[in-house]
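> Below: sequence and its predicted model.
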Amino acid sequence: MWVSELFPHIARHVDDLCFIHSMQAESNNHAPASYQLHTGDVRVGKASLGAWTTYGLGSENQDLPGYVVLFDAGPLGGAGNYSNGFLPAAFQPTRLRDQGTPVLDLLPPDEFADGQRASLDLIRELQRQQWFRLGRVSPAGLAFPRLRGTLVQRQQTF
């Protein structure tokens with residue numbers, strides 16, 4: 001691959017680089033094109049590749065998130081680039097930061113620990129009552145996927 005003499009360091013490593021010449025998008029604006037790259041469509045509300053991968057393959061470890069997003073200032077097009085879209089909340093990513101605390105709100109302040117436990121217990125009890133109303137007594141049933149996704153995500157970070 002030819003490289004300009006303006007980039008001598010890149011020219012030395014050009015054989016180790018991968019060039020994708022076939023990539024194209026339906027939009028000439030960066031934000032919708034970036035969204036299409038991550039979700040396969042320019043229309044909003046679609047699940048990202050990470051959400052689909054977690055949905056299809058699951059997570060190797062139930063104590064860790066299915067997938068993470070390395071987050072700095074945010075991608076063009078916003079959080080939709082890596083969102084779970086119409087998939088259940090259990091398939092949303094965990095955002096990691098490069099400065100400060102890597103995962104926000106991972107450790108609650110000491111004065112809120114009891115309140116957080118009470119909040120998790122309340123979510124669990126509301127979900128149990130909903131399962132009972134719907135005739136599902138097994139916690140494996142998904143009465144409210146968003147509620148279950150919230151509970152699972154909170155328990156992973158608790």
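Cool, the structure landed.
> which residues are in contact with stretch 31-43?
Here stretch 31-43 makes contact (C-beta atoms under 8 Å, 6 or more residues apart in numbering) with 25-27, 44, 46-49, 75-78, 80-82, 85. C-beta coordinates here come from the backbone N, C-alpha and C atoms, glycine included.
> who does whatever helix or strand residue 125 lives in touch, helix- and strand-wise?
Residue 125 belongs to helix 113-133 when assigned by DSSP states H and E. For helix 113-133, the elements it packs on are helix 145-157, judged by 3 or more C-beta pairs under 8 Å, 6 or more residues apart in numbering; DSSP states H and E.
> which residues does the most centrally placed residue in the chain contact?
The centre of the chain sits closest to residue 93, judged by C-alpha atoms, centre = their mean, with a distance of 1.8 Å. Counting by C-beta under 8 Å, 6+ apart, residue 93 touches 48, 50, 51, 65, 66, 67, 68, 69, 82, 83, 84.
> unless I'm mixing things up, the first one is touching residue 82, no?
To tie it back to what came earlier, the one meant is residue 48. Yes: using C-beta atoms under 8 Å, residue 48 is in contact with residue 82, at 4.8 Å.
> Give me the contact list for stretch 5-21.
1, 3, 4.
> Mind putting the residues you listed into TSV with secondary structure?
Below are these laid out as TSV (DSSP: H, G, I helix; E, B strand; the rest coil):
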residue	secondary structure
1	coil
3	coil
4	coil
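> Just the closest of those residues to residue 125, please.
Of all these, the one with the least separation from residue 125 (C-beta to C-beta) is residue 1, at 61.6 Å.
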